[in-house]
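>>> I would like the atomic coordinates for the input below:
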Amino acid sequence: MLAQNGQVDARVLPHIDEITAWRRDLHQHPELSYDVHRTAAFVAKQLRSFGVDDVVEGIGRTGVVGVIKGRSTDSGLCIGLRADMDALPIVEDTKLDYASSEHGKMHACGHDGHTAMLLGAAKVLCETRAFNGTAVVIFQPAEETGAGGREMVEDGMMEQFNIQKVFGMHNLPNMPLGQFGVRAGPIMAAADVVDITIRGKGGHAAMPHLCIDPMLVAANVITALQSIASRQTDPMESVVVSITSVEADSDTYNIIPQVIKLKGTVRTLSKAVQDATEGKIESLVKHTAEAYGAEAEVVYKRDYPATVNATEEASFAAMSAMQVVGSERVDDNFVPVMGAEDFSFMLNERPGAFIFVGNGSSAALHHPQYNFNDDAIQYGCSYWLTLIESAMSGS
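From the prediction side, this is the model:
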C-alpha cells in the first residue's frame, strides 16, 4: 500500500536500524571519485541478498545497476532511481564513533546517506513488488569529480536497461527534516572552470616602472569580472563568477613576477547566460591586460551542465513527496541552487527530476563537521517507494 496522507511508508520502519547501520559503515569507509571499489562491492552484495533480478557491476567504470521487476511488467515502463557513492578529500572533524577511518577522505556531502536510502528502498521493492513495470536502481561513482554520471550514460546505461525516466535526490542541510524541495526547469547550475594566464614583465619590486606588473593586472581582472554579475547580466538571471586561486611564478618579497595564473568557476542556469558569460570573461580579461601592456590567455572549459527538471516529472516528484510528508511540507517552486550535479547528464538523456530532502540543522555540505542525518532515511526511502509505485501502479 502506498504512503498516504502525509505519512512515511510503514514498510520502511522495520528496516531503519539496518539502513542506518549501512549508512554508518559507508561513512566510516569513504572512497573517492571512481575508486569506490569497497562501496560498489558492498552495494552489489546487498542488492543480491535482496533478490534483485539482475545486478550489473562496472557500468561507468565502477557503477552498479540493479534491476527490480514488479509483479507484472505488462506496462513496459522502466524508471531509474539514482544515488551517488563517492566521498570528498576532506579531513573529518566530527568526533563521531563511526568517523572516517581513512585520513583525508570523508563523506561530507551525504552520499553515504543517498546510497543507504536507495538500498533501503530496493530492499522493500524486492519484498513487495507492488508495481507494474521495472525499477532500475543506479549507484553512481565520481559525482564530486570525474563526471561519473556522464560516464554511465556514455557506457550505454540508458539503452542497456531501457530506462525511460530517471530521478535523483540529494539531502540539503538546514532544510527541516521531513521537507522536500523541487521545481520544474533548472534546479542546479552548470559548473564551468576557467584558467587565466597573465604575462607581464618581471623585475625588481623596487623598480616597478621598469616592469609590467602582472599582479596589478590580475587584481584588476578579478575586480572587473565581478561586473559580469552586477552590471552585465539581467538581474533576473543568475550567474556566479568566482576566482578561487592566484599563483605567481615567483614567491619572494622583492620580485615582481613574470606570470600570474588565476583559476575560477562559473555557475549559470541557462545556456544563453552561459554563452554570454564565457564571451564576457574572454573580452574583459584580454582588454584589461592590454590596457596595462600585458598579455592574457583564457581557457574556458564547460564541465557539468545545468540540472534541468522536466515539467511533468518535476510535478510528479512533488506529488510523490506530498504523499509522504503532506503538501505543506513540499516546496514545488524551490529556489535553484548554484551548486552543480552530474545527474544533469542523465537528465539530458531522459526526462526526470532531481529533488532535495531536508537534512535538518547541520553543518554545510563539504564542511569537515558535516554529517548526514539518519532521521532523514525514513523520508528518502518512502519517497522512492511512493514514486515507483505511483508511476507504475497496477498489477
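
>>> how far out from the middle of the chain is the lengthiest helix in the chain?
The longest helix of the chain (DSSP state H) is helix 271-291. Computed by C-alpha atoms, centre = their mean, to the nearest Å, the separation of helix 271-291 from the middle of its chain amounts to 27 Å.

>>> Identify the residues contacting that helix?
190, 192, 194, 196, 198, 217, 220-221, 224-225, 227-228, 232-233, 237-239, 241, 266, 268, 295-296, 298, 300, 302, 306 (C-beta atoms under 8 Å, 6 or more residues apart in numbering). Where C-beta positions appear, they are placed from N, C-alpha and C, glycine not excepted.

>>> And stretch 92-101, by the same measure?
So stretch 92-101 is contacted by 24-25, 27-30, 87, 106-108, 368-371 (C-beta under 8 Å, 6+ apart).

>>> Would you state the strands of the stretch 51-200 of the chain in chain order?
With strands called from DSSP state E, counting those that start in this stretch, the stretch 51-200 of the chain shows them at 54-59, 63-69, 78-84, 134-140, 165-172, 180-181, 185-188, 190-199.

>>> Go through the ones you listed and name the closest to Glu349.
strand 165-172 (7.8 Å; C-beta to C-beta).

>>> Check the strands of the stretch 51-200 of the chain for me and report the most buried one.
Highest mean neighbour count among those (mean count of other C-beta atoms under 10 Å): strand 134-140, with a mean of 27.

>>> chain center to that strand: distance?
Distance of strand 134-140 from its chain centroid, counting by C-alpha atoms, centre = their mean, is 17 Å.

>>> ditto for stretch 57-77
From the chain centre to the centre of stretch 57-77 is a distance of 22 Å (C-alpha atoms, centre = their mean).

>>> Between the two ends of that stretch, what distance do you get?
23 Å (C-alpha to C-alpha, to the nearest Å).

>>> what's the answer for stretch 354-362, then?
By C-alpha to C-alpha, one end of stretch 354-362 lies 21 Å from the other end.

>>> Show the contacting residues for the residue nearest to the spatial centre of the chain.
Nearest to the geometric centre of the chain sits Glu341, at 3.1 Å (C-alpha atoms, centre = their mean). Applying C-beta under 8 Å, 6+ apart, we find Glu341 in contact with Glu143, Gly149, Gly168, His170, Met188, Tyr304, Thr307, Phe354.

>>> Name whatever forms a beta bridge with the third one.
The residues paired with Gly168 through beta bridges, assigned by DSSP bridges, are Arg82, Phe354.

>>> That one against Met346, yeah?
Yes - using C-beta atoms under 8 Å, Gly168 is in contact with Met346, at 7.3 Å.
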